[in-house]
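Enquirer: let me see the structure of the following:
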Amino acid sequence: METPQTSYDEIPYDCSVFSYTHPSCLATWATLLGMAPPPVDRCRLLELGCGNGANLIPMAHDLPDSRFVGVDLSPRQIAMGQEIVDALRLPNIDLRAFSITDIDESFGQFDYIVCHGVYSWVPAAVQDKILSICKRNLAPNGVAYVSYNTYPGWHIRGMIREMMGFHVRQFADPKERVQQAKALLEFLLQAVGKAPTLYGGLLQVEADMLKEGGDTYLFHEHLEEENHPVYFYQFAERAADKGLQYLCEARPSLLASNLSPEVAKTLERVSVDLIHGEQYLDFVRNRTFRWTLLCHQDAPVKRPPSPEKVQAMYVTGLVKARNERPDLSPDVAEEFATPDDVRLSSKNPLLKAAFLTLFEVCPRSLPFEELWRRVRARLADAPATAAAADGKGRTQLADILLQSCLSNFVELHVRPPEFVLEPSDRPVASPLARFQAANGVDRVINRRHHAVELGDFDRLVLRHLDGTRDRAALLDVLVNLVAQDVFSIEQGAQPVTDLSQARRLLAEGLEPCLRRLARSAVLVG
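Expert: Down below sits the predicted model:
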């Protein structure tokens, strides 16, 4: 079957990884809500609109006993992904240049179905087909993920998209359309001036967002013919018509857990059911995007999420204490912050001890039982000893971790990411990360399904971590690369040409480099 050319063939999308689409994430939320999803390490996953496979290939690489199928309408992007699949010799992934509308029962059933960044950008008939696939091709206890643009937030963004569309319709070349769209937005900012107006503020927010997203994001987000945001309740109704029910969001919203008591009480009073409550939350936060999980209508979902389920999971900390020596006593509030400076203050000794313990092993995950043991030991000499020692402490910790997960301060996993924090005598990096570093990629994919940006030296070392070299052999390779002018080092802003001096400097930098790579979750040995 010949697949038609698309705008994604003209300007391929800068595809990336999305940790919240990983089967481990989908299985975790399903488990918390009472389901028994298929095991992550032996699952079948279908991605609709997989692009060049950037999100799917790392999953296939890290889960060799699972099976992955990706379809995309762009032959160019599928070919790009297939080159990587062939280079890594991955037998468990199938990338197909294929239309979503042609998928039928012959594709088989999948434990997990992922459709990220597609639903809002296709016609109504294709949207309907996506939800049909999520019903017909989803295993009985499976989970489907669909992301989409939402109102009311997209009313504002849509206004700017429409102005760009009016301006660029006189230009045919896609690259020129992008440049003209940016020029229009810049002109509007200048015309409005720096006076603090609502309109000027909206334009500035959009301009900042588009700069961060890059040209391909602007083209495919704002200049495509198809872009159809919906209200959440409309999406939920469409899913229900297909025999699917709303499970939860793959990315919890911090705002939902930070509502004032008055607002929360009002929302509870006016919300006749879960769908209404979620819709009113979107009104409150002017939401523009959702990462929705769906399951079959008859799936045994139990709400609210169960703290009891947490006790069989693994926990990853996402926060650091603001105070270098936090006080664990129940009378002192300590502040914790995420990397993007979202803050939490608490006096709870269990919470403080848990966050400190998780930060010490970050980015590793700890089994709940191991975390509980370490928390009790940490509080043994603190005034909160009784709270940790009695039978309620364990249950209280599980509830704290669940609420922290719902607020994005910790992550919960049914299956922990596998990597090491201590480099071995002959360090081994993930083959995928080594491949990406060798091919000049600025950001490599780590074992937590995140893209991490590395410096030039770290990428150079990473390329050679195949487990065959000890420190001395690695140093020989690096010195040889300096001798061949493949890599250069400087001291005092001057290039180092003496190889003895270069060896000494490289030796000083090698171990810190290995530890940075370990902390980046790219080492497996």
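Enquirer: Ala54 and Leu506, how far apart?
Expert: Per CB to CB, to the nearest Å, Ala54 is found 32 Å from Leu506. From N, CA and C alone the C-beta is placed, and that goes for glycine too.
Enquirer: quick check: Ile275 is in a helix.
Expert: Yes - assessed by DSSP: H, G, I helix; E, B strand; the rest coil, Ile275 belongs to a helix.
Enquirer: now do the longest strand seen in the chain: which elements does it pack against?
Expert: As assigned by DSSP state E, the longest strand anywhere in the chain is strand 138-149. Packing partners of strand 138-149 (3 or more CB pairs under 8 Å, 6 or more residues apart in numbering; DSSP states H and E): helix 23-32, strand 110-115, helix 124-136, strand 289-296.
Enquirer: of all those, which one is nearest Pro431?
Expert: helix 23-32 (19.7 Å; CB to CB).
Enquirer: what's the angle between the closest one and strand 289-296?
Expert: Calculated by axes from the mean of the first three to the mean of the last three CA atoms, to 10 degrees, helix 23-32 forms an angle of 60 degrees with strand 289-296.
Enquirer: domains of the protein?
Expert: Domain assignment of the chain by automatic domain parsing yields the ranges 7-149+229-257+287-296, 153-222, 307-413, 431-519.
Enquirer: Leu510 contacts Ala472, correct?
Expert: No - contact between Leu510 and Ala472 fails when scored by CB atoms under 8 Å: they sit 10.0 Å apart.
Enquirer: pick out whichever of the two has more residues nearby.
Expert: Leu510 (18 against 8; other CB atoms under 10 Å).
Enquirer: quick one: that one from Cys115, how far?
Expert: 43 Å.
Enquirer: likewise Leu499?
Expert: 54 Å.
Enquirer: Tyr246 in helix, strand or coil?
Expert: strand.
Enquirer: what's the nearest residue to it if we skip its chain neighbours?
Expert: Nearest residue to Tyr246, sequence neighbours excluded (CB to CB, 6 or more residues apart in numbering): Ala236, at 5.1 Å.
Enquirer: report the angle between the axes of the helix or strand where that neighbour lies and helix 124-136?
Expert: Assigned by DSSP states H and E, Ala236 belongs to helix 232-241. Put simply, helix 232-241 runs at 60 degrees to helix 124-136, going by the same axes, to 10 degrees.
Enquirer: longest helix in this protein, please.
Expert: Ranked by residue count under DSSP state H, the longest helix found in the chain is helix 499-519.
Enquirer: contact partners of it?
Expert: Defining contact as CB atoms under 8 Å, 6 or more residues apart in numbering, one finds that helix 499-519 is touched by 363, 419-423, 427, 429, 454, 457-458, 461-462, 465, 471, 474-475, 478-479, 482-483, 489, 491, 496, 523.
Enquirer: next: stretch 315-324.
Expert: Counting contacts by CB under 8 Å, 6+ apart, the residues outside stretch 315-324 that touch it are 334-339, 343-344, 352, 354-359, 361-368, 371, 401, 408-413, 416, 448.
Enquirer: from those residues, which land in strands?
Expert: Checking the contacts of stretch 315-324 against DSSP E, those in strands are 334-337, 343-344, 366-367, 410-413.
Enquirer: need those residues in CSV (columns: neighbour count, distance to Leu281 and pLDDT).
Expert: Listed next are the ones in strands among the contacts of stretch 315-324 as CSV, based on neighbours: other CB atoms under 10 Å; distance: CB to CB, whole Å; pLDDT from 0 to 100:
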residue, neighbour count, distance to Leu281, pLDDT
Glu334, 22, 29, 92
Glu335, 13, 26, 92
Phe336, 24, 24, 93
Ala337, 16, 24, 91
Arg343, 11, 22, 88
Leu344, 19, 20, 88
Leu366, 22, 31, 97
Pro367, 15, 33, 97
Val410, 23, 22, 95
Glu411, 24, 22, 95
Leu412, 24, 22, 97
His413, 20, 26, 96
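Enquirer: in JSON lines, list these along with distance to Ala240.
Expert: Shown next, in JSON lines, are these (distance: CB to CB, whole Å):
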{"residue": "Glu334", "distance to Ala240": "44"}
{"residue": "Glu335", "distance to Ala240": "42"}
{"residue": "Phe336", "distance to Ala240": "39"}
{"residue": "Ala337", "distance to Ala240": "40"}
{"residue": "Arg343", "distance to Ala240": "38"}
{"residue": "Leu344", "distance to Ala240": "36"}
{"residue": "Leu366", "distance to Ala240": "39"}
{"residue": "Pro367", "distance to Ala240": "37"}
{"residue": "Val410", "distance to Ala240": "32"}
{"residue": "Glu411", "distance to Ala240": "30"}
{"residue": "Leu412", "distance to Ala240": "28"}
{"residue": "His413", "distance to Ala240": "30"}
